[in-house]
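K.L.:
model the following, please.
(2 chains)
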Amino acid sequence: MARIVGGIGTSHIPAIGLAMAHNQCDDPYWRPFFEAYKPVRAWLETVRPTVAVVIYNDHGLNFFLDKMPAFAVGAASEYRNADEGWGLPTLKPFPGDSAFSWHLIESLAAADFDLTTCQEMLVDHGFVVPMQLMWPNAPAWPVRTIPICVNTVQHPLPTPRRCLKFGEALGRAIEEWPADERVIVLGTGGLSHQLDGRRAGFINKPFDLYCLEKIEHEPEVLARYSIRDLVELAGTQGPELIQWLIMRGALGTAVRRLECNYHVPISNTGSGLLLLEKAA
Amino acid sequence: MLARMMQTQPEPAFAPPDNAREIWGTPIFDGTAARRGYPLNKMCFSFNDAANREAFRRDEDAYCRKFGLDDAQRDAVRHRDVLALIAAGGNIYYLAKLAGIFGLNVQDIGAQQTGRSVEEFRALLRAAGD
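P.N.:
Reported below is the predicted structural model:
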């Protein structure tokens, strides 16, 4: 049976990918950020996951406002990125696992979650940057991937409460899969940031630290916030926290924190990193 | 430190839908904005393709006309005015692709929207870590 080995929460700021592309990881600005990933990569080397379920939001690459799904699940045999408008480098394709994807789709639909299924899907920096952070310079991606895209672009967004429940159903679905897989769940985005409006540049370190603390043993406390609360407390892009809540829900009740880091600022963002192991 | 921080946070309430609540300086990209900004955002979405970015650079007016931008949207593009682009229904993720054509990154557009120099805006971001 498939087994969830752990969950990782990580920011997915595009500047991270650019810093990696330009070999700036040891610059004074970047070093404290990238150093925190070393123990996470070492842990991944130890547990050697075979599949990564990556919860992220599209920023206007694959989805336009003509059709905006709340939850979209990749069901392709491979995924590619694209330049996103700034000439970002195109990377080696990410292998998919369409049979596993369809199992998750069936199982989530049976648990009352209505999904958009994507047999073709471009993945943007929300998906790509976390993959690069986990496996930098890998000659081939060491995992198959299942992208799950959440609408954080056009309000109304899925509520935090809904996302935590989605995660719980996702976790059960993963562990029902009969193949012998070791699965890592990545919840990406956040933490506080605001790109738009006169309040641009808003970062809320105390709230970010509170979220990093609460998500471990009391995610239901965070799930009580409304999206509007998250906008107020964490900025217009702060609701990306819902992707961390999906990751956390998938891990079930008992978890153990192995790594946690918070660093301000990365680009306009309070960046967070959290590694949780599923406890027995 | 975390424990102390936690005590300073308001206890989240089981609040009724609060989509009308205004937050200072904070645009919400909702259905109203999405309807208002559709042509502008559609144009910006097209900039995922390098050939379209080039076509915009060659003839900005013609490119805006092709997508049916209204006068307010066209003026906001002409003046590279991010707050006006947002007021005209622009979504920041799509606008970021337009800003990229003008060589503006998220610190540049943050500085512009907050009436600061880019250095002052960067200092504001750094101060958030104190």
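
K.L.:
now do the strands in chain A.
P.N.:
A:3-10, A:51-56, A:71-74, A:78-79, A:94-95, A:116-118, A:144-150, A:182-188, A:255-266, A:269-278 (DSSP state E).

K.L.:
ok, which of the ones you listed comes nearest A:Ala36?
P.N.:
strand A:255-266 (3.6 Å; Cβ to Cβ). For every residue, glycine as well, the C-beta is placed using N, CA and C.

K.L.:
is that closest one in proximity to chain B?
P.N.:
Yes - contact between strand A:255-266 and chain B, assessed by Cβ under 8 Å from any Cβ of the partner chain, occurs at A:His263, A:Val264, A:Pro265.

K.L.:
how about stretch A:48-64?
P.N.:
Yes - interface with chain B: stretch A:48-64 contributes A:His59, A:Gly60, A:Leu61, A:Phe64 (Cβ under 8 Å from any Cβ).

K.L.:
mind listing what the first one touches?
P.N.:
A:His59 is in contact with A:Glu84, A:Asp124, A:His125, A:Gly126, A:Val153, B:Tyr93, B:Ala96, counting by Cβ atoms under 8 Å, 6 or more residues apart in numbering or on different chains.

K.L.:
show me what the helix or strand containing the last one packs onto, helices and strands only.
P.N.:
It stands for B:Ala96. If you go by DSSP states H and E, B:Ala96 is part of helix B:92-101. Counting contacts by 3 or more Cβ pairs under 8 Å, 6 or more residues apart in numbering or on different chains; DSSP states H and E, helix B:92-101 packs against helix B:38-46, helix B:50-58, helix B:82-87, helix B:106-114.

K.L.:
hey, C-alpha coordinates of it in PDB?
P.N.:
C-alpha atoms of helix B:92-101 as PDB (Å, rounded to 0.1, in the frame of the first residue of the first chain):
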ATOM      1  CA  ILE B  92      -1.800  41.400 -10.000                       C
ATOM      2  CA  TYR B  93      -0.600  38.000 -11.300                       C
ATOM      3  CA  TYR B  94      -1.500  39.000 -14.800                       C
ATOM      4  CA  LEU B  95      -0.300  42.500 -14.400                       C
ATOM      5  CA  ALA B  96       3.100  41.100 -13.300                       C
ATOM      6  CA  LYS B  97       3.500  39.800 -16.800                       C
ATOM      7  CA  LEU B  98       2.900  43.300 -18.200                       C
ATOM      8  CA  ALA B  99       5.200  44.800 -15.600                       C
ATOM      9  CA  GLY B 100       7.900  42.400 -16.800                       C
ATOM     10  CA  ILE B 101       7.700  43.800 -20.300                       C
END
